[in-house]
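**Student:** Model the following, please.
(one chain, ligands or ions: 1)
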Amino acid sequence: MNIIETDNLSKNYGKNRGIIDININVNEGEIFGFIGPNGAGKSTLIRTLLNFIYPTSGSGKIFNKDISRESSSIKELVGYVPSEVKYYSKVYVKDIINYTKGFRKDYSSKEIDSLIYDLEIDVNKRMNELSLGNKKKVAILQSLIGNPQLLILDEPTNGLDPLMQKRLFDILIKMKNEGKTVFLSSHNLIEVENLCDRVAIIKEGRIIDTLELKSTVIDFGRIIELEGDIPKDFIDRISHKTLSIDDNQYKFIYKGDIDNFIKSIASYNIKNLSIRKENLEDNFIKYYEDKEEK
Ligand SMILES: Nc1ncnc2c1ncn2[C@@H]1O[C@H](COP(=O)(O)OP(=O)(O)OP(=O)(O)O)[C@@H](O)[C@H]1O
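**Tutor:** All right, here's what the predicted structure looks like:
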């Protein structure tokens, strides 16, 4: 079942483009990541999905409900964390929690207490006494109150320390295991790769690629850096793609059997060798580098 689906969803801000003809399907029970350069349109898509701004054209559905006409009933089912967390500065954290409980029907005080503990939130502080990351943690807690079936998170780890990032990932994985759905935007390609089932990349308002990260079909290969007295034609023969050559230093992508590779270099005089798996960043960084659309 599609939890989120859009049909040529577009939003422009006068002459500024926001998002153009976005078609996505987010399946029930998956963690779907959304990445792209600054200004690409990630927050615009999220804000349009949640009816904070109206689409210029096209349409979208969440839980099969129209994002514009049925937004209030959608919001009852969705937890949301904005990229920039803003609260009235004098308000206490515990009051925000109580306020949220007031409009979330199905919450468990025990679960809220356990989230407060895991996220190390001090409920007796006022919002203006909290750091950026601690404010973000309050927003994350708020989004989880009432056990929503869908979480929409705009750069949720921005500002969180590594331990809190891990705690958040554990929470998201637990939600996924319970059959819930997570849609998140991020600038951290490593976090997306580790966490998400699928990822879409948006650039200059359009989705330009979608990748199944948990699929066994994708073969990222290995990045090999090799230094030694090795003929270039040997590298040309075994490499899938040469990335750089500098004197006797070679950097290339290798896609074959690693045991064969190790044996094939054994007769050369090797000074240095590093082998690592190619990752999402290796594959997607090109989309960040080419600023102009061809
Ligand atoms: N209120 C607005 N008025 C006019 N233009 C806007 C407005 N909000 C966003 N835009 C434009 O829409 C485009 C997409 O912005 P958006 O904030 O969605 O990008 P983003 O992918 O979330 O960026 P970032 O990674 O920097 O948060 C940008 O070109 C931006 O200048």
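
**Student:** Can you name the residues of the protein sitting close to the ligand?
**Tutor:** Contact residues (Cβ under 6 Å from any ligand atom) of the chain with the ligand: 13, 16, 18, 36, 38-44, 83. No exception for glycine: its C-beta is placed from N, CA and C like everyone else's.

**Student:** Just the buried subset of these, written out for ChimeraX, thanks.
**Tutor:** Entered in ChimeraX, the line below selects the buried ones among the residues of the chain next to the ligand, by 16 or more other Cβ atoms under 10 Å:
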select :18,36,40,41,42,43,44,83
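
**Student:** of the residues of the chain next to the ligand, closest to Glu278?
**Tutor:** Gly36 (20.3 Å; Cβ to Cβ).

**Student:** The closest one contacts Gly205, doesn't it?
**Tutor:** No: Gly36 is beyond contact range of Gly205, at 9.3 Å (criterion: Cβ atoms under 8 Å).

**Student:** residues contacting the residue of the stretch 51-200 of the chain found nearest the ligand?
**Tutor:** Closest residue of the stretch 51-200 of the chain to the ligand, Cβ to the nearest ligand atom: Ser83 (5.7 Å). By Cβ atoms under 8 Å, 6 or more residues apart in numbering, the residues touching Ser83 are 43, 154-155, 158, 185.

**Student:** could you redo the last one with a cut-off of 6 Å?
**Tutor:** Residues in contact with Ser83 (Cβ atoms under 6 Å, 6 or more residues apart in numbering) are 43, 154-155.

**Student:** which of the residues of the chain next to the ligand lies closest to Thr181?
**Tutor:** Nearest to Thr181 among the residues of the chain next to the ligand: Lys42, at 17.5 Å, using Cβ to Cβ.

**Student:** after the strand ranked longest in the chain, next one along is what?
**Tutor:** What stands out as the longest strand in the chain, according to DSSP state E, is strand 2-13. Reading on from strand 2-13 to the C-terminus, the next helix or strand found by DSSP states H and E is strand 16-22.

**Student:** can you give me the helices in the protein?
**Tutor:** 42-49, 71-75, 93-103, 109-118, 132-144, 162-177, 189-195, 232-238, 258-265, 280-289 (DSSP state H).

**Student:** In a markdown table, list those along with distance to Thr6 and mean pLDDT.
**Tutor:** Converted to a markdown table, the helices of the chain look like this (distance: least, Cβ to Cβ, whole Å; pLDDT from 0 to 100):
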| stretch | distance to Thr6 | mean pLDDT |
| --- | --- | --- |
| helix 42-49 | 8 | 96 |
| helix 71-75 | 13 | 93 |
| helix 93-103 | 26 | 91 |
| helix 109-118 | 30 | 93 |
| helix 132-144 | 21 | 95 |
| helix 162-177 | 21 | 94 |
| helix 189-195 | 20 | 87 |
| helix 232-238 | 44 | 92 |
| helix 258-265 | 41 | 93 |
| helix 280-289 | 20 | 79 |
